[in-house]
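sharing a sequence plus its predicted fold:
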Amino acid sequence: MTTTVETPIGAAKTMILNMGPQHPSTHGVLRIALELDGETVVKAVPDLGYLHTGIEKSCEDKTYSQAITLTDRMDYLNPLGNNLVYCLAVEKLLGIEVPKRAQYVRVMLVELQRISSHLVWLGTHAIDLGAMSVFLYCFREREEILKIFELFAGQRMMTSYFRIGGLALDPPAGWRAAIDKFLKMMPSRVDDYETLLTKNRIWMGRTQGIGYISTEDAVALSMTGPTLRASGLAYDNRKVFPYSSYEEFDFDIPTRTDSDCFGRYMLRVAEMRESLKIVKQAMAKISDSGPVRSDAPGIVPPQREKMKTEMEALIYHFKIFTEGFAPPPGEAFVAVESPRGELGCFVASDGSAKPLRVHFRSPSFINLQALPKLIEGQILSDVIACIGTIDIVLGDVDR
Amino acid sequence: MTENTSENTNVVAAQLRAWNGKAVSEVIEFRGETTIVVPREMMLEICAYCRQDPNLQFNLLTDATCVDRYPMEPRFEVNYHLVSIPRKARLRLKTKLSGNDPVMDSMVPVWPGANWLEREIWDLMGIRFNGHPDLRRILLPDDWEGHPLRRDFPVQGFRDVPSSYIPAFRKPR
């Protein structure tokens, strides 16, 4: 197209800019087609599916216990939370109760997971906006949490530590000392991040008033989690629909009313402090001995000692690992509060040993839907702030 | 489903029945969850009512998903999971679709958040939603054939067979 002197260059024209899928600020393989008028975003169309692995389909071809390992791989910053929601859904389908001790261990580890996920979010969000050092500090602390997970499960990330009916193993020797050490260190470290960012003028300039979404819009677009709570609505599954004994814990649900990137940052920092409170209470509640698996023969694998002395236990063990178990026909939906929002799991059984359908309501996927709403009308550099502030994990978006 | 029907005890179902006699085909109570089965033609109307009515206030659509019960008929069950944040309640609305005609109304006019959820169902299960503003594939490539979460789609897929088994790849010598 030729440009003449009479029409100024670029007047009344928009251009299409392709962002991603290999862009460092999209936190994975997200592609966004942006229509720009100068530097202002007119329209944004997210394009997903680059990481689609068909986990829901694969679950249908595995027994109920085998599918746990797949759930780790969806939201790789929250594997324990994924284990938890899947186990809770199958336990609901089976109608079995998990011992209190195992429930408290689950709560404690899931809250540590929430802190570690928020640390990755804070580090990557800050590095996107140019604050390099925060990233290094966040990953230093996250490493300590991953060491705790390694102590419990033998794995840093793909833990598969929660099993149907309880836990894979008893808590290991020395777990109290490890978590105590972390709890002593962490509060001052959270203060340090705030010192680096909260009153930082560049940080405030890049986040305040950016990516506004009203409460009504957030609810209409099915947003949950910190993004919804920063818009002023205290909707948190841990309080509203308690699971795994959350009703016995004393903690607050922080909310903000500024509904922008800065509000969501402040909210997540406040959530880290609340999670520390929950971890501390859970440690006090966990007794030193007691069962960590429910007594459900034929569903929960028997103890090792029983297997060597009792014939029935040996038979159950063999049957569980060769043919699995069959829940009664029916459907169950369980939702937990993941670091990103409401993580739901829908399991339908037809009475056979493999699930008829497993569906995950992944918070990243549904929150990402609101991205165009957040960024349309903003300038291009704010797109990066907005993607960061929704806290998407592409493994969770595409499943 | 087992533990069936304490039909008239459920408040939401009773209210829906009072509102329109044809609205509720079946009420299923299982493990403390309420499922209301509604006819496909009335789904949009019922959802709008559930969202607007001051006694129900199901303002958040948390999830939409589909179950394929192939080879049974009607094979598809589309589930909408609703949450009422003010009332702290959950509800599952279910509608059944036959395999010959897997079409229903889109819930986007009621909850804009249904947009991507329904696109996902279309992509993976092949249910068409009338009135959806942008019914394209979302997770799979545009040129993908079939809907892989259907039960008659093999887990390994149709493409992952060794190329020598596919006639087109068998070159004459």
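Ah, there it is. Numbers count the residues shown, from 1 in each chain, chains lettered A, B, ... in the order given.

and the next element down the chain from the longest helix along chain B?
Counting by DSSP state H, the longest helix found in chain B is helix B:114-125. Going down the chain from helix B:114-125, the next helix or strand is strand B:128-130, by DSSP states H and E.

residues in contact with that next one?
B:102, B:103, B:104, B:105, B:106, B:107, B:108, B:118, B:121, B:122, B:135 (CB atoms under 8 Å, 6 or more residues apart in numbering or on different chains). All C-beta spots, glycine's among them, are computed from the backbone N, C-alpha and C.

quick one: pLDDT of the residue sitting nearest the centre point of chain B?
In chain B, the C-alpha nearest the mean C-alpha coordinate belongs to residue B:78, at 1.9 Å (CA atoms, centre = their mean). pLDDT for residue B:78: 93.

quick one on the thing from earlier: I'd like the contacts of strand B:128-130 as a markdown table, with secondary structure, pLDDT and neighbour count appended.
Output for the contacts of strand B:128-130, formatted as a markdown table (DSSP: H, G, I helix; E, B strand; the rest coil; pLDDT from 0 to 100; neighbours: other CB atoms under 10 Å in any protein chain shown):
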| residue | secondary structure | pLDDT | neighbour count |
| --- | --- | --- | --- |
| B:102 | coil | 90 | 22 |
| B:103 | strand | 91 | 12 |
| B:104 | strand | 91 | 22 |
| B:105 | strand | 91 | 19 |
| B:106 | coil | 91 | 20 |
| B:107 | coil | 90 | 26 |
| B:108 | coil | 91 | 22 |
| B:118 | helix | 92 | 26 |
| B:121 | helix | 93 | 27 |
| B:122 | helix | 92 | 21 |
| B:135 | coil | 89 | 19 |
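
could you dump those into JSON lines with distance to residue A:187 added?
Shown next, in JSON lines, are the contacts of strand B:128-130 (distance: CB to CB, whole Å):
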{"residue": "B:102", "distance to residue A:187": "54"}
{"residue": "B:103", "distance to residue A:187": "56"}
{"residue": "B:104", "distance to residue A:187": "52"}
{"residue": "B:105", "distance to residue A:187": "52"}
{"residue": "B:106", "distance to residue A:187": "48"}
{"residue": "B:107", "distance to residue A:187": "45"}
{"residue": "B:108", "distance to residue A:187": "45"}
{"residue": "B:118", "distance to residue A:187": "44"}
{"residue": "B:121", "distance to residue A:187": "45"}
{"residue": "B:122", "distance to residue A:187": "48"}
{"residue": "B:135", "distance to residue A:187": "49"}
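
quick one: the helices in chain B?
In chain B, the segments counted as helices under DSSP H are B:11-19, B:43-52, B:114-125.

hmm, the second one touching chain A?
Spelled out, that is helix B:43-52. No. When contact is scored as CB under 8 Å from any CB of the partner chain, no part of helix B:43-52 falls within range of chain A; the minimum is 9.8 Å.

hmm, residue A:191 and residue A:137 touching each other?
No. With contacts defined as CB atoms under 8 Å, residue A:137 does not count as touching residue A:191, sitting 11.5 Å away.

comparing these two, which residue is more hemmed in?
The neighbour comparison of residue A:137 against residue A:191 (other CB atoms under 10 Å in any protein chain shown) goes to residue A:137, with 17 against 13.

so for the more buried one, what's the pLDDT?
pLDDT, read off for residue A:137, is 92.

repeat that for residue A:58.
If you check residue A:58, the pLDDT there is 90.

which residues sit in contact with the residue nearest to it when sequence neighbours are not counted?
Spatial nearest neighbour of residue A:58, chain neighbours left out: residue A:70 (5.7 Å); criterion: CB to CB, 6 or more residues apart in numbering or on different chains. By CB under 8 Å, 6+ apart, the residues touching residue A:70 are A:55, A:58, A:59, A:62.

what's the local residue count around residue B:112?
19.

for it, which non-adjacent residue is closest in space?
residue A:220 (5.0 Å).

the one you found contacts residue B:109, doesn't it?
No. Look at residue A:220 against residue B:109 with CB under 8 Å: they stay out of range, at 11.1 Å.

looking at those two, which is more packed in?
Remark: of residue A:220 and residue B:109, residue A:220 carries more neighbours, 20 against 14, as counted by other CB under 10 Å.

show me the contacts for the more buried one.
Residue A:220 neighbours (CB under 8 Å, 6+ apart): B:111, B:112, B:113.

need the three-state assignment for the residue of chain A found nearest chain B.
Per CB to the nearest CB, residue A:222 is where chain A lies closest to chain B, at 3.0 Å. Following DSSP: H, G, I helix; E, B strand; the rest coil, residue A:222 is assigned to coil.

if we can go back for a sec, what's the distance between the residue nearest to residue A:58 and residue B:57?
Note on residue A:70: its distance to residue B:57, by CB to CB, to the nearest Å, is 36 Å.

for residue A:244, same thing?
With distances taken as CB to CB, residue A:244 is found 27 Å from residue B:57.

just the residues contacting stretch A:129-137, thanks.
Contacts of stretch A:129-137 (CB under 8 Å, 6+ apart): A:122-124, A:126-127, A:189, A:192-193, A:196-197, A:200, A:202-203, A:206-207, A:384-385, A:388.

ok, back up a step: now the residue of chain A closest to chain B, nearest residue through space, not along the chain?
Distances taken as CB to CB, 6+ apart place residue B:113 nearest to residue A:222, at 3.0 Å, with adjacent residues excluded.

isn't that neighbour up against residue A:369?
Yes. Contact criterion CB under 8 Å: residue B:113 and residue A:369 qualify, at 6.5 Å.

overlap of the contact sets of the two?
A:221, A:222.

how much space separates the closest residue to chain A within chain B from residue B:130?
Per CB to the nearest CB, residue B:113 is where chain B lies closest to chain A, at 3.0 Å. Distance, residue B:113 to residue B:130, by CB to CB: 18 Å.

how about the helices in the stretch 251-399 of chain A?
A:261-285, A:304-309, A:311-322, A:363-368, A:371-375, A:380-390, A:394-398 (DSSP state H, counting those that start in this stretch).

again, but for the stretch 1-150 of chain A
Using DSSP H, counting those that start in this stretch, helices in the stretch 1-150 of chain A cover A:55-60, A:68-72, A:79-94, A:100-128, A:132-153.

name the stretch among the ones you listed that sits most buried.
helix A:79-94 (a mean of 26; mean count of other CB atoms under 10 Å in any protein chain shown).

check which helices and strands it sits against.
Judged by 3 or more CB pairs under 8 Å, 6 or more residues apart in numbering or on different chains; DSSP states H and E, the packing partners of helix A:79-94 are helix A:68-72, helix A:100-128, strand A:162-163, strand A:330-338, strand A:341-349, strand A:357-361.
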